[in-house]
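[1] My questions are about this predicted structure, shown below with the sequence.
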Amino acid sequence: MKIAVIGSGGREHALAWKLSQSRHTEKLYAVPGNPGMADIAECVSGIDIEDNDAIVKFAKDKEIDLVVIGPEVPLTNGVVDALSAEGIKAFGPTGKAAELEGSKVYAKLVMKRYGIPTARYEVFGDAGRARVYVRQMRQPFAIKADGLAAGKGVILTKDADEAVAAIDTIMTDKAFGEAGSRVVIEEFMQGEEASVLAFTDGKTIVPMVPSQDHKAVYDGDKGPNTGGMGTYAPAPVITPDIMDRVKKEILEPMVEAMNKEGRPYKGCLYAGLMITDKGPKVVEFNARFGDPETQVVLPLLKSDLVEVMLACIDGTLDKTPIEWSDGAAVCVVMASGGYPRSYEKGKEITGLDAAKADGDIVFHAGTKNVDGKIVTNGGRVLGVVGQAENIKAAVDKAYEGVKKISFDKEYHRTDIAHRALERL
C-alpha cells in the first residue's frame, strides 16, 4: 500500500515510524514531514496541509491508498470528508465529528446532554460578564479558549485575580486568536490527570495503553503549560477498575452520543481525564492522536497499525485483535531554551547519529535540515523515547538517550514519570 502521513511533528514521526513497520506498507510519504521522518518516508514539501483540495490532489496524483492525518486543524477543516468523497481511505473523524475538539463549548454541551462525567462549567462570549462571574464565585478555575489553540489554550487559576487575568489574556489580548472569542470557565478539578486514547470504528472501542503527559514546563509541574514536556505509559493511576469505568462511563457513551448527534466518530478518540476521588472525569476530548502521548503509546503496540486503521475505517474493529507489549515507554522532550515563550531557532543538533547507532528511539518534532546539518526549528525539538520492561528502566533508558544529544540552550525536564516512580 501507498500511505501518506499528514503533518510534521513528533506525533507524525511516531505514526510514520510505526506505519513503516507494517507488512502492508510499500511506499510511505510524509507531508511535509521532517528530517527524522526522511529516514523512513519521502518528505513532500510545498503542500498546504490546511488546503483540502491540495491534499486530495496529492493523494490522487500519487495513488495513495491510505491517508493518516496527524494535526487537528486539517481534521476540523474536513479533510477526511474531502478524501472520502474521492474514494480515498483516510484515518480520522469527519469535520463535524472533529468539532468535539474544535469547540470546547460543543464538547461540553454533548457531555452534559448525555451524562458524561466532566467538570461543572459556564460559557461566556463577553469578557465583562466572564470577569463578573469569576469575581462572584471566588474559587479556582480552569479558563479555556473555546477553539483550537495547539494544546495551550487552558489557563489554571487559583483565585479571582488570576481568573480575570486569564480571561483578559484569552478574550481581550487574543493570545490564541479567534479561538478565544468564547471561553469555557470550569470548576478546578482535584486529582491526577491521565490520557486514554482509543481506536474506534464508530461502534467498537478499543482503548490504548493509558499514558500521562507532563504539561508544565518546569520540574515539579511548575511554570506555564506547554504542548507537553514528556510522557510515559502505562500510567498506573489508570488501574484496571478505572479503565473499565473510563470505557463504560466515558468512551462508549461518547461514541454513542456522536452517533445520536448525527456525527459518527471514527479514528482515534483522545480522552484527557482527571482521576478524582469520585472517579474519572473528562478534562477534554481531542479528535486525533495526542502529542507527545503517541510517542509512548505506539512503541507498545504489537499489532499492525495499518490493519488497525483500516478496521476503524471499514467498520470491522470488532474482528481485529489488538495486542500490546507488557513493558513501558517514556518520552523526554528536548526543547529550545525559553519555550513556551520566545526562543531561538537554527541551533545545530549534535549526537543524533550516536543515539541512532545505539538503537535509541528519537522522534523529531521541531527540526530542519540546513545544508546537511540538522538544526532546531521549533519549541519542542525532539522526543527521546526509552522502552523497557518497566517504568524505572524506561526512564533510565530515555535519559541515557538524552545525554547523547545536545544543542545550544537545550532544555528538558528531569522528572518525567515522577508520579509513576513514586508509586514503586
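    That came through, no problem. Residues are numbered from 1 along each chain as shown.
[2] Please enumerate the helices of the stretch 1-150 of the chain.
    10-19, 52-61, 72-76, 79-85, 99-102, 104-114, 127-137 (DSSP state H, counting those that start in this stretch).
[3] Between those, which one is closest to Gly153.
    Checking the helices of the stretch 1-150 of the chain against Gly153 by Cβ to Cβ gives helix 104-114 as the closest, at 8.2 Å. Where you see a C-beta, it was placed from the backbone N, CA and C, and this is true even at glycine.
[4] Ala311 and Leu66, how far apart?
    From Ala311 across to Leu66, the span is 12 Å (Cβ to Cβ, to the nearest Å).
[5] and stretch 381-393, which residues are buried?
    Taking 16 or more other Cβ atoms under 10 Å as the basis for neighbour counts, the residues of stretch 381-393 that come out buried are Val381, Leu382, Gly383, Val384, Val385, Gly386, Gln387, Ala388, Ile391.
[6] Would you check how far apart Glu50 and Cys331 are?
    Here the distance between Glu50 and Cys331 works out to 27 Å (Cβ to Cβ).
[7] Show me which of these two is the more surrounded one.
    When neighbours are counted by other Cβ atoms under 10 Å, Glu50 and Cys331 differ, and Cys331 comes out ahead with 35 against 14.
[8] In which helix or strand does the residue lying closest to that one once chain neighbours are set aside reside?
    Among residues not flanking Cys331 along the chain, Gln295 sits closest, at 4.3 Å (Cβ to Cβ, 6 or more residues apart in numbering). Under the criterion of DSSP states H and E, Gln295 resides in helix 294-297.
[9] just how off-centre is stretch 342-357 within its chain?
    23 Å (Cα atoms, centre = their mean, to the nearest Å).
[10] Kindly apply the preceding question to stretch 125-132 instead.
    Stretch 125-132 has its average C-alpha position 30 Å from the chain's average C-alpha position, going by Cα atoms, centre = their mean.
[11] Ok, stretch 113-131 next?
    Taking Cα atoms, centre = their mean, the mean C-alpha location of stretch 113-131 is offset from the chain mean by 23 Å.
[12] Tell me which residues are up against that stretch.
    By Cβ atoms under 8 Å, 6 or more residues apart in numbering, the residues outside stretch 113-131 that reach it are 105, 108, 110-112, 133, 142, 146, 164, 167-168, 171-172, 181-189, 249-250, 253-254, 256-257, 260, 274, 278-283.
[13] End to end on that stretch, go ahead and measure it.
    Between the opening and closing residues of stretch 113-131 we find a distance of 26 Å, counting by Cα to Cα, to the nearest Å.
[14] how about the strands in the stretch 251-400 of the chain?
    When assigned using DSSP state E, counting those that start in this stretch, the strands of the stretch 251-400 of the chain occupy the ranges 267-276, 279-286, 328-336, 361-364, 367-370, 373-376, 380-388.
[15] any idea of the mean pLDDT in the fifth one?
    For strand 367-370, mean pLDDT is 97.
[16] For it, enumerate the helices and strands it packs against.
    Identification of packing neighbours for strand 367-370 by 3 or more Cβ pairs under 8 Å, 6 or more residues apart in numbering; DSSP states H and E yields strand 373-376.
[17] what do you get for the third one?
    Helices and strands touching strand 328-336, by 3+ Cβ pairs under 8 Å, 6+ apart, are strand 230-233, helix 294-297, strand 380-388, helix 391-404, strand 410-411.
[18] Would you mind putting the helices of the stretch 1-150 of the chain into CSV with mean neighbour count and mean pLDDT alongside?
    Compiled in CSV, the helices of the stretch 1-150 of the chain are given as follows (neighbours: other Cβ atoms under 10 Å; pLDDT from 0 to 100):
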stretch, mean neighbour count, mean pLDDT
helix 10-19, 28, 98
helix 52-61, 17, 98
helix 72-76, 23, 97
helix 79-85, 21, 98
helix 99-102, 22, 96
helix 104-114, 19, 94
helix 127-137, 15, 92
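[19] Between those helices, which one is closest to Ile322.
    Among those, helix 10-19 comes nearest to Ile322, with 12.9 Å by Cβ to Cβ.
[20] which helices and strands does the closest one pack with?
    Counting by 3+ Cβ pairs under 8 Å, 6+ apart, the elements that helix 10-19 packs against turn out to be strand 2-7, strand 27-32, helix 294-297, helix 305-314, strand 361-364, strand 380-388.
[21] ok, and what's touching that helix?
    For helix 10-19, with Cβ under 8 Å, 6+ apart as the criterion, the contacting residues are 3, 5-7, 25, 28, 30, 33-34, 36-37, 40-41, 68, 70-71, 288-292, 294-295, 298-299, 301, 305-306, 333, 361, 363-365, 380, 382-383.
[22] From those, list the buried ones, please.
    Applying a neighbour-count criterion of 16+ other Cβ under 10 Å, the buried members of the contacts of helix 10-19 are 3, 5-7, 25, 28, 30, 33-34, 36-37, 40-41, 68, 70-71, 288-292, 294-295, 298-299, 301, 305-306, 333, 361, 363-365, 380, 382-383.
[23] Ile185 contacts Pro140, doesn't it?
    No - because the distance of 11.0 Å does not satisfy Cβ atoms under 8 Å, Ile185 is recorded as not touching Pro140.
[24] Just the CA trace of stretch 64-77, in PDB.
    Below are the C-alpha coordinates for stretch 64-77, written out as PDB (Å, rounded to 0.1, in the frame of the first residue of the first chain):
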ATOM      1  CA  ILE A  64      -2.400   6.900  -2.200                       C
ATOM      2  CA  ASP A  65      -4.300   4.000  -0.600                       C
ATOM      3  CA  LEU A  66      -4.400   5.400   3.000                       C
ATOM      4  CA  VAL A  67      -4.000   8.900   4.400                       C
ATOM      5  CA  VAL A  68      -3.300   9.300   8.100                       C
ATOM      6  CA  ILE A  69      -4.000  12.800   9.400                       C
ATOM      7  CA  GLY A  70      -1.900  13.900  12.400                       C
ATOM      8  CA  PRO A  71      -2.800  17.500  13.400                       C
ATOM      9  CA  GLU A  72      -6.200  18.800  14.500                       C
ATOM     10  CA  VAL A  73      -6.700  21.700  12.100                       C
ATOM     11  CA  PRO A  74      -7.000  19.600   8.900                       C
ATOM     12  CA  LEU A  75      -9.400  17.300  10.700                       C
ATOM     13  CA  THR A  76     -11.700  20.100  11.800                       C
ATOM     14  CA  ASN A  77     -11.400  21.500   8.300                       C
END
